[in-house]
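J.: Fold the stuff below for me.
(2 chains)
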Amino acid sequence: MRKIWNVLTATTMVAAACGFAGAAAAADNKEVQMLHWWTSGGEAAALNVIKEALAKQGYTWKDVPVAGGGGEAAMTTLKAMVAAGNPPTASQILGYFALDYADAGKLGDVTPLAVKGDWAKVIPTALQKFTTTNGKWDAVPINIHSVNWIWLNKAVMDKIGGTEPKNFDEFLALLDKAKAAGVIPLALGGQPWQEATMFDSVVMSTGGPEFYKKAFIDLDESALKSDTMKKSFDNLAKLRGYVDPNFAGRDWNLATAMVVKGDALAQVMGDWAKGEFKVANKEPGKDYLCYRFPGTDGTVIYNTDMFAFFNVSADRKDAQNALAAASMDPAVQSAFNVIKGSVPARIDVSDAAFDMCGKKGIADVKAANAKGTFLGSMAQNYAQPPAIGSGAYHDVVTKFFHGQIKTSDQAVAELDKAINAAM
Amino acid sequence: MTTAIDPIVADAAVRGPRRDFRDRLRNWLPRIVLAPSFALVLFFVYGFNIWTLLISFTNSKAFTNLNFIGWGNYAKLWTWTFETDPPSNWYTALVNMVVFGGLYVIFCLALGLTLAILLDQKIRGEGILRPLYLYPLALSFIVTGTAWKLFLDPRIGLEKAVHDLGWTSFHFDWVVNPRMMIYCVAIAGIWQTSGFVMAMFLAALRGIDSEILKAAQIDGASAYATYRRIIIPIMRPVFMSALIILTHMAIKSYDLVLSVTGKNPGGAAELPSTFMYSYTFTRNQTAVGSASAIIMLMTIAAIMVPYLYSELREKA
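T.: From the prediction side, this is the model:
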């Protein structure tokens, strides 16, 4: 019996000691706990820029990586952490997810920093919808991606004697040339989000920014059911004729690899595709070309990565503010985005360190923001919440692309119906 | 003196209750040991089942709430069940469930039984063959799925290999053809599990009383008749167990589908499990997801309850 008591006492003491140790760690408010899904080589290197900026100020970094490209697994983890009352200092987050957390009252407040840094002037107006709630800043954008790009293999382009297509018809003519030369004209991964991302550009090209805004941002029913939308689906069907037969289910980076290797002429993809060219040691202008999707020059269909700041205890606020300040530092934004392949979320960052595609991206964002043609991507959930974006929209586009919805008339009707059902 | 007697008296007084305590402890020990796991199962399985049921009657979106809206979510699923042109996600999920589940269960049983009977012929090298058939079960579904996706990919896998051998008209593109994808999922699943079913049948075959078989031989029964009329009927309980295990594996399979089909192009490879996950976690329609989860639970219950009932009745 006595032995058992001894063991018990010892266990209790060890447990108590651990408890004290735990308490000591909790009192340390110099720790930044960051949840994200940037685990691939280039992404991790980009995140490292922020980590180092914070280390210089004496803050430690506690990484909470949850792998999985689109961040689905990370969002599930975040939900659990917040529900358990143990939110991270900040989390990488996308569009409407930030608004959901803000509505639920789970986000913190970095407004004083925002006022001091005059963020409202340097962040594109459309983005501020996601970073502020009733005028209160609770998130910051770290980068801007845009999806209306096409990426072309320059060697193939030279071989077929192609020039930059300025509108949709010229694009089709260029793809025809590639087809005649025996090259796969269009590299596409047949997954719902990739097809829907391409359709964003097709709609912008077919209907122009006014129409895109009316249909996708305002969800105007007459625009959704209009002939222009029908024509957009018809144009998408035309592109369907230029993909290779084995496209279904292919990952986006494998599609990019087809362009890198010269098996295919072009890919319609967001600017994260540039990372794949970079990994293969290809240079823009020399080995590959980046154009805006034909007919969408002057507009930017964006998505962005943001850091949302959670309602943390007072002792962790200091570290949270440091992270917010570091993320919005122009030097950090420049270094981060050079590595990540995106463009800075601040429009006042110098483009000196960027390659030609990056320079064009930065200039486009600035111009589009001034003209009001800086619009959220429907496929990436920056035009509408996920129930509509990656729900209704992805469903209809992918079913149309794979022939389960047979005509553009039916597609338009289905899109309207699915959006209404998801609201 | 009193000081010398006291401890003895005290000891005697204590000894009785202590022995009593030990006996009682012995009685209670199994219950105490089992209590934590029982409580955990009660809470984390049944408690959350009830929670999901509650959520399925609310209008929960990204976060759960308790604004009850009655049968709305089930009504939604019910209308989707009959939307065939274009097929709704739920309709596709149900059709695929029947196709995949049916093929998976039937082929696993058939292949498992055949392999077991063949292995039972006292052949040489059984010690090597048995683990070889069982080995796929050691892989996770995601590995199986990825391997089969690569193997069936027309550009790099089977089709290309056959073309390289010279048969250039050979055509096998199921894994990139949304209409046929679900069959590829079934192929990968059958490959993974039939070895396990074989092991179950083999154990049952080895457990059959040899006297019965000798009697059958003396009566002049052919090998086919022996299996058909004696051995397979004796193995009925094993069939039931295998059926239960395979059915629930088919209904809950998730990672296999996603890894074989590559994120469900055209929405053609939807299954109830992928439907549930995408509505709950990526489309922020938690209530609809919960309703579909409850329907899956009911489906499994519809299979399990009669089975348990018949099992328990036989024992009683």
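J.: what does chain A put close to chain B?
T.: A:72, A:75-76, A:79, A:83, A:96-97, A:100, A:104, A:189-193, A:195, A:245-251, A:385-387, A:390-391, A:395, A:398-399, A:401-406, A:410, A:414, A:421-422 (C-beta under 8 Å from any C-beta of the partner chain). Bear in mind the C-beta positions are built from the backbone N, C-alpha and C, glycine included.
J.: Quick one: buried ones out of those?
T.: Neighbour-count burial (16 or more other C-beta atoms under 10 Å in any protein chain shown) applied to the residues of chain A next to chain B gives A:72, A:75-76, A:79, A:96-97, A:100, A:189-193, A:195, A:246-250, A:385-387, A:390-391, A:395, A:398-399, A:401-402, A:404-405, A:410, A:414, A:421-422.
J.: helix/strand/coil for the residue lying closest to residue A:100 once chain neighbours are set aside?
T.: By the measure of C-beta to C-beta, 6 or more residues apart in numbering or on different chains, the closest residue to residue A:100 outside its immediate chain neighbours is residue B:62, 4.1 Å from it. Three-state assignment for residue B:62 (DSSP: H, G, I helix; E, B strand; the rest coil): coil.
J.: Now do the same contact list for residue B:62.
T.: The contact partners of residue B:62, taken as C-beta atoms under 8 Å, 6 or more residues apart in numbering or on different chains, are A:97, A:100, A:104, B:284, B:286.
J.: How about the last one: what's its closest non-neighbour residue?
T.: Right, the one you point to is residue B:286. Leaving out its chain neighbours, residue B:286 is closest to residue B:60 (C-beta to C-beta, 6+ apart), at 4.1 Å.
J.: burial of that neighbour, as a residue count?
T.: By other C-beta atoms under 10 Å in any protein chain shown, the residues close to residue B:60 number 23.
J.: tell me the pLDDT at the closest residue to residue A:250 other than its chain neighbours?
T.: Of all residues not flanking residue A:250 in the chain, residue A:189 sits nearest, at 4.0 Å (C-beta to C-beta, 6+ apart). Note on residue A:189: pLDDT of 91.
J.: With residue B:239 instead?
T.: pLDDT at residue B:239 comes out at 88.
J.: hang on, it packs against residue B:110?
T.: No - the criterion here is C-beta atoms under 8 Å, and residue B:239 misses it with residue B:110 at 11.4 Å.
J.: and those two? which has more neighbours close in?
T.: Taking neighbours as other C-beta under 10 Å, residue B:239 and residue B:110 compare with residue B:239 leading, 17 against 13.
J.: what's near enough to touch the more buried one?
T.: Residue B:239 touches residue B:109, counting by C-beta under 8 Å, 6+ apart.
J.: For it, which three-state class applies?
T.: helix.
J.: if we can go back for a sec, can the contacts of residue B:62 go into a markdown table with extra columns for distance to residue A:282 and pLDDT?
T.: As requested, those are exported to a markdown table (distance: C-beta to C-beta, whole Å; pLDDT from 0 to 100):
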| residue | distance to residue A:282 | pLDDT |
| --- | --- | --- |
| A:97 | 34 | 87 |
| A:100 | 39 | 86 |
| A:104 | 44 | 85 |
| B:284 | 38 | 82 |
| B:286 | 43 | 89 |
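J.: per the record, what domains does chain A have?
T.: With domains defined by automatic domain parsing, chain A comprises A:30-145+A:303-361, A:146-302+A:377-422.
J.: Go through those domains and pick out the most buried.
T.: With neighbours defined as mean count of other C-beta atoms under 10 Å in any protein chain shown, these peak in mean count at domain A:146-302+A:377-422, which reaches a mean of 21.
J.: starting at the chain centroid, how far to it?
T.: In this view, domain A:146-302+A:377-422 has its centroid 16 Å away from the chain centroid, taken as C-alpha atoms, centre = their mean, to the nearest Å.
J.: so which helix or strand takes in the residue positioned nearest the centre of chain B?
T.: The residue lying closest to the centre of chain B (C-alpha atoms, centre = their mean) is residue B:249, at 2.2 Å. If you go by DSSP states H and E, residue B:249 is part of helix B:236-252.
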